[in-house]
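**Q** Kindly return the folded structure for what I paste below:
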Amino acid sequence: MSNGIGEIAFWYRNWGPPENPSTIRIKVAPGQDDPVTNWTTLYTLSNVTDTVFRYFSFSTYDTSNYYVRVCNDTNTSPGLFCLDNLLITAPYG
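**A** Alright, predicted model coming up:
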């Protein structure tokens, strides 16, 4: 995102049995080749057990980070997740 990050939205669900929850982390960084230590966690969805899709939307005005990652934190939870209709927009004001 050449102007930064504005809104992040998507539909999500757990991809497996409810007893294996997942943890979704949204991370941002100024450069795509930045080391893992430079990626900042913007938002965390913990203990995702829903087997039906839920909607997530997060608005921000971040003009210093240009890259977004949506990660499965398997160190926290053993489960997998599914995303649909991912939207990432530039900030507006």
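**Q** From now on I want contacts and neighbour counts done on CA atoms only, so please keep to that.
**A** OK.
**Q** Tell me the secondary structure at Gly6.
**A** strand (DSSP: H, G, I helix; E, B strand; the rest coil).
**Q** Might you report the residue contacts of the closest residue to it other than its chain neighbours?
**A** Leaving aside its sequence neighbours, Gly6 sits nearest to Pro91 (CA to CA, 6 or more residues apart in numbering; 3.6 Å). Neighbour list for Pro91: Asn3, Gly4, Ile5, Gly6, Glu7, Thr60, Tyr61, Asp62, Thr63 [criterion: CA atoms under 8 Å, 6 or more residues apart in numbering].
**Q** Excluding covalently adjacent residues, which one is nearest to the last one?
**A** Translated: Thr63. Gly4 is the one closest to Thr63 (CA to CA, 6+ apart), at 4.1 Å.
**Q** from memory Leu80 sits against Ile24, does it?
**A** No - using CA atoms under 8 Å, Leu80 is not in contact with Ile24, being 9.1 Å away.
**Q** hang on, isn't Leu83 packed against Phe10?
**A** Yes - Leu83 is within contact range of Phe10, at 6.6 Å (criterion: CA under 8 Å).
**Q** Ser46 versus the one residue sitting closest to the centre of the chain, what's the distance?
**A** Nearest to the geometric centre of the chain sits Ile26, at 2.8 Å (CA atoms, centre = their mean). Applying CA to CA, to the nearest Å, the value for Ile26 to Ser46 is 11 Å.
**Q** Likewise for Ile8?
**A** For Ile8, the distance to Ser46 (CA to CA) stands at 17 Å.
**Q** These two: which is more packed in?
**A** Counted by other CA atoms under 10 Å, Ile8 and Ser46 do not tie: Ile8 has more neighbours, with 17 against 14.
**Q** can you give me the strands in this protein?
**A** In the chain, the strands defined using DSSP state E lie at 5-14, 22-29, 40-48, 54-62, 67-72, 81-88.
**Q** distance of Phe81 from Gly6?
**A** Using CA to CA, Phe81 is found at 23 Å from Gly6.
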